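*Asks:* With the input below, show me the fold.
(one chain, ligands or ions: 1)
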Amino acid sequence: MSTDTTGTTGATATTLVQPRTVDGPEHRQRHGDGPADLRAEDVSAWFGDHKVLDRVSLTMPAQQVTALIGPSGCGKSTFLRILNRMHELIGSASLAGRVLLDGEDIYDRGRRITRARREIGMVFQKPNPFPAMSLYDNVLAGLKLNGIKASRDGRDDLVEECLTKAGLWKEVKDRLRQPGGALSGGQQQRLCIARSLAVRPRVLLMDEPCSALDPTSTRRIEETIAELRTEVTIVIVTHNMQQAARVSDTCAFFLASHGTPGVIVEHGDTDAMFASPRDERTSDYVNGRFG
Ligand SMILES: Nc1ncnc2c1ncn2[C@@H]1O[C@H](COP(=O)(O)OP(=O)(O)OP(=O)(O)O)[C@@H](O)[C@H]1O
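*Replies:* Numbering: from 1, shown residues only. Next up, the predicted model:
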């Protein structure tokens, strides 16, 4: 088992990454050009011999927010982890199918796992800043892990830019040297979003990012999601139907009935899916009749 440059362990990890810089407008160009389409094709997933997803295909368009909804255990988080190659970190896990980022398969043999994780960032259910590290260094933590170099001025600008985009700059600009652990839960989650943005992801995956937060912090994160949609393609898992309706443009309803693997029952425009779902099971779920 080797250690990759994100600090995680994995059988397919790679090591040497060419240094990059964040200075200048060319930074974005060198890292791809902003939000990308993400497409899953015939994705199936297993834990050991337990199949949990069956031939799931879904397009998550650039500059849109796609919500993944469905009852507990239907495979939403597994699907999300497959989208940035985190699924393969679990020893018993395997998968089939393709995940295309602007048409390029992130699982191609010639593509580095670290590149997929940099281009496709992840924000987790529980905010996970480095608690003893300063807010400033928290934002930049992903740069070091990805071997991206920055001058002092470049770092300062990037910290301000990412905290602004994450909706946190005004609250913390005078205390950037304080530790990440000193923030409230909602602020910590926005710090994690800022940290994800610092490596210029083309897609941001969010796994129930508000489930540990109070209503005010939840609303603030939802505002942040709305502001970010032109910067980065967003895919969010949520159990909160009102939240899915508020934040997403398109929606996919997952279901694993009676022990069968999860599938997408219905997907499409969020407003249409909530107002007039095509499938009776979708109607029951979005109207709170099960799950
Ligand atoms: N690390 C794991 N090892 C073995 N089985 C797992 C693992 N993680 C998830 N599973 C199983 O895979 C299936 C799908 O789980 P997953 O967490 O993806 O569903 P989910 O829809 O995200 O659920 P929830 O809404 O409760 O988070 C479930 O049967 C779960 O028990």
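*Asks:* What residues does the residue nearest to M133 when sequence neighbours are not counted make contact with?
*Replies:* Closest residue to M133 in three dimensions, ignoring its sequence neighbours and counting by Cβ to Cβ, 6 or more residues apart in numbering: G180, at 5.7 Å. C-beta here means a position set from N, CA and C on the backbone, and glycine is covered the same way. When contacts are counted by Cβ atoms under 8 Å, 6 or more residues apart in numbering, G180 touches 129-135, 138, 188, 191.
*Asks:* where's G180 relative to R190, distance?
*Replies:* 11 Å (Cβ to Cβ, to the nearest Å).
*Asks:* Likewise for T238?
*Replies:* Using Cβ to Cβ, which is the criterion applied here, T238 is 17 Å from R190.
*Asks:* For the two, indicate the residue with more neighbours.
*Replies:* R190 (28 against 23; other Cβ atoms under 10 Å).
*Asks:* right, and the more buried one touches T218 too?
*Replies:* No: with contact defined as Cβ atoms under 8 Å, R190 does not count as touching T218 (11.6 Å).
*Asks:* The protein: strands as residue ranges?
*Replies:* 2-3, 9-10, 20-21, 38-47, 50-60, 65-69, 93-101, 104-105, 120-123, 148-149, 203-207, 233-237, 250-255, 263-269 (DSSP state E).
*Asks:* what inclination does the last one have with respect to strand 65-69?
*Replies:* For strand 263-269 against strand 65-69, the angle by axes from the mean of the first three to the mean of the last three Cα atoms, to 10 degrees is 150 degrees.
*Asks:* hmm, who's touching strand 263-269?
*Replies:* Outside of strand 263-269, the residues within contact range by Cβ under 8 Å, 6+ apart are 53-58, 249-256, 273, 277-279, 281-282.
*Asks:* buried set for that strand?
*Replies:* Within strand 263-269, the residues that count as buried by 16 or more other Cβ atoms under 10 Å are 263-267.
*Asks:* Including pLDDT, could those residues go into a markdown table?
*Replies:* Output for those, formatted as a markdown table (pLDDT from 0 to 100):
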| residue | pLDDT |
| --- | --- |
| V263 | 98 |
| I264 | 98 |
| V265 | 97 |
| E266 | 97 |
| H267 | 97 |
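*Asks:* Tabulate these in CSV, adding columns for distance to the ligand.
*Replies:* Shown next, in CSV, are those (distance: Cβ to the nearest ligand atom, whole Å):
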residue, distance to the ligand
V263, 12
I264, 12
V265, 13
E266, 16
H267, 15
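*Asks:* dump the residue contacts of R289.
*Replies:* If a contact means Cβ under 8 Å, 6+ apart, then R289 has S283 as its contacts.
*Asks:* let's see it at 10 Å
*Replies:* Contact partners of R289, counting by Cβ atoms under 10 Å, 6 or more residues apart in numbering, are 280-281, 283.
*Asks:* show me the contacts for the nearest residue to N84 once chain neighbours are set aside.
*Replies:* Leaving out its chain neighbours, the residue that sits closest to N84 by Cβ to Cβ, 6+ apart is I120, at 3.8 Å. Listed by Cβ under 10 Å, 6+ apart, the contact set of I120 reads 36, 38, 80, 83-86, 99, 101, 106, 196, 201-205, 232-233, 235.
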